[in-house]
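Novice: how would this look folded up:
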Amino acid sequence: MLAFSRLAFVAVVLGCLACVGASGSFAASAPRVTIVSDSVGGVLFWQRDAREELALGIDLRMDIRTCRRLATEGCVYDGARPPSALEAIKELGRALGAVAVVDVGYNDAPDGYGAALDRVMRALLDNGVEHVVWLTLRERRSSWADINDEIHDASKRWPQLVVGEWDRESSGHDEWFADGIHMNWVGGAAFGRFLRPLVVQACAAACAAGGSILAVGGELPPARLRTRYVGHLRPSGGTPPYRLTVTGLPAPLRMKVDGTIYGMPKAIGAYPLQVTVLDANGIRNRATVALRVRRR
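Specialist: Numbers count the residues shown, from 1 in each chain. Below is the predicted model of the structure:
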């Protein structure tokens, strides 16, 4: 059984009792992404900044249990044994959404992990999950390295499975961890940044039927110095109408709430605009969009 601080354990238990959706109760129209994890993923409960960044534009749900195993009853912690990831997935059923993230294995033995992984994958697909991001373990023990081999082998059997290389990402960053496995505040932020592109990429491929991820971006047409300019930021996904805000516009340019940028620029340059889009259901996302002002 992995050691886990009392404070972090309480945070996990409180979050799991509610099985929280990090995007809030109004997120029904956003694409659902569910994280199923052991205590390692518990950092996302108390590292609120990382959780909110990860949840931008999606309906993020988390089912996290200390001492969890993949397909068998978990080890004893505080007098109780948690349900397996497989049991949790079967119970959540169609509520899982189109994308799932699995971060389970630190309490498992390598023998039988591959077979258990196949059972979990079958349960996920049977309940409508289309893409699975499966995270590797930090190879602090030889058994965890062996489990990572099983995860990589499984990606050859399951085209729906993408391996999230957390071991590779975190290598050389011992300062991210309280005990080599469980993350501190800095590690939680790094974990969220690592997960975000994996989740967005998976959702872009899998969320079309259930509503696409809220986004704003694309290229703005270049502006000309001392010439009247009109450009449009175009949100997509989510539920219109949208409301946009921006920082970084060169004076005297302005933007309307519908994303129309207008005015007469007075200085040449490249300006990274920080754009926030809010949809009708309160889902929010952010992006950086470049505006270039040319002399001619």
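
Novice: Check what contacts the top helix by length along the chain and list those residues.
Specialist: Longest helix in the chain by number of residues, with DSSP state H as the criterion: helix 185-206. For helix 185-206, contacts defined as Cβ atoms under 8 Å, 6 or more residues apart in numbering pick out 31, 33, 43-44, 46-47, 49-51, 53-54, 56-58, 98-99, 101, 130-133, 162, 164, 166, 169-170, 173, 175-178, 183, 212-213. The way it works is simple: take the backbone N, C-alpha and C, and place the C-beta from them, glycine included.

Novice: From these, list the buried ones, please.
Specialist: Buried members of the contacts of helix 185-206, scored by 16 or more other Cβ atoms under 10 Å, are 31, 33, 43-44, 46-47, 50-51, 54, 56-58, 98-99, 101, 130-133, 162, 164, 166, 169-170, 176-177, 183, 212-213.

Novice: Contact partners for Ser170?
Specialist: 138, 176-177, 187, 190.

Novice: try it again with 7 Å
Specialist: 138, 176 (Cβ atoms under 7 Å, 6 or more residues apart in numbering).

Novice: Leaving out chain neighbours, which residue sits closest to Ala270?
Specialist: Closest residue to Ala270 apart from its sequence neighbours, by Cβ to Cβ, 6 or more residues apart in numbering: Arg292 at 5.1 Å.

Novice: For that neighbour, which three-state class applies?
Specialist: strand (DSSP: H, G, I helix; E, B strand; the rest coil).

Novice: Now do stretch 107-127, average pLDDT.
Specialist: Average pLDDT, stretch 107-127: 98.

Novice: whoops, stretch 132-149 was the one
Specialist: 98.

Novice: For Gln274, which three-state class applies?
Specialist: Per three-state DSSP, Gln274 ends up strand.

Novice: surely it meets Thr288?
Specialist: Yes. With contacts counted by Cβ atoms under 7 Å, Gln274 reaches Thr288, the gap being 6.0 Å.

Novice: Who has more neighbours out of the two?
Specialist: Of the pair Gln274 and Thr288, Gln274 is the one with more neighbours under other Cβ atoms under 10 Å, namely 13 against 10.

Novice: Check the spacing between that one and Glu169 real quick.
Specialist: 25 Å (Cβ to Cβ, to the nearest Å).

Novice: check contacts around Leu125.
Specialist: Gln160 are the contacts of Leu125 under Cβ under 7 Å, 6+ apart.

Novice: Let me know the helix or strand that it is in.
Specialist: Of the helices and strands defined by DSSP states H and E, Leu125 is found in helix 113-126.

Novice: Can you list the buried residues in that helix?
Specialist: So, applying 16+ other Cβ under 10 Å, buried residues of helix 113-126: 113, 116-117, 120-121, 123-124.

Novice: Isn't Leu60 up against Leu54?
Specialist: Yes. Leu60 lies in contact with Leu54 (Cβ under 7 Å); the separation is 6.3 Å.

Novice: re earlier: C-terminal to the helix holding Leu125, what's the next element?
Specialist: Heading C-terminal from helix 113-126 (DSSP H and E), you reach strand 131-135.

Novice: helices and strands around the very next helix or strand once past that next one, which ones?
Specialist: Following strand 131-135 in sequence order, the next helix or strand is helix 142-157 (DSSP H and E). With contacts taken as 3 or more Cβ pairs under 7 Å, 6 or more residues apart in numbering; DSSP states H and E, helix 142-157 sits against helix 113-126, strand 161-164.

Novice: and those as JSON lines, adding distance to Gln201?
Specialist: Output for the helices and strands packed on helix 142-157, formatted as JSON lines (distance: least, Cβ to Cβ, whole Å):
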{"stretch": "helix 113-126", "distance to Gln201": "17"}
{"stretch": "strand 161-164", "distance to Gln201": "8"}
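
Novice: Out of those, which gets nearest to Gly105?
Specialist: helix 113-126 (6.7 Å; Cβ to Cβ).

Novice: can I get the CA coordinates of the closest one in CSV?
Specialist: Extracted in CSV, the C-alpha atoms of helix 113-126 (Å, rounded to 0.1, in the frame of the first residue of the first chain):
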residue,chain,number,x,y,z
TYR,A,113,-2.3,-6.4,-15.2
GLY,A,114,-2.5,-6.8,-18.9
ALA,A,115,-5.6,-9.1,-18.6
ALA,A,116,-7.2,-6.7,-16.1
LEU,A,117,-6.5,-3.8,-18.5
ASP,A,118,-8.3,-5.6,-21.3
ARG,A,119,-11.3,-6.1,-19.0
VAL,A,120,-11.3,-2.4,-18.2
MET,A,121,-11.0,-1.3,-21.8
ARG,A,122,-13.9,-3.6,-22.8
ALA,A,123,-16.0,-2.1,-20.1
LEU,A,124,-15.1,1.5,-21.2
LEU,A,125,-16.0,0.8,-24.8
ASP,A,126,-19.2,-1.0,-23.9
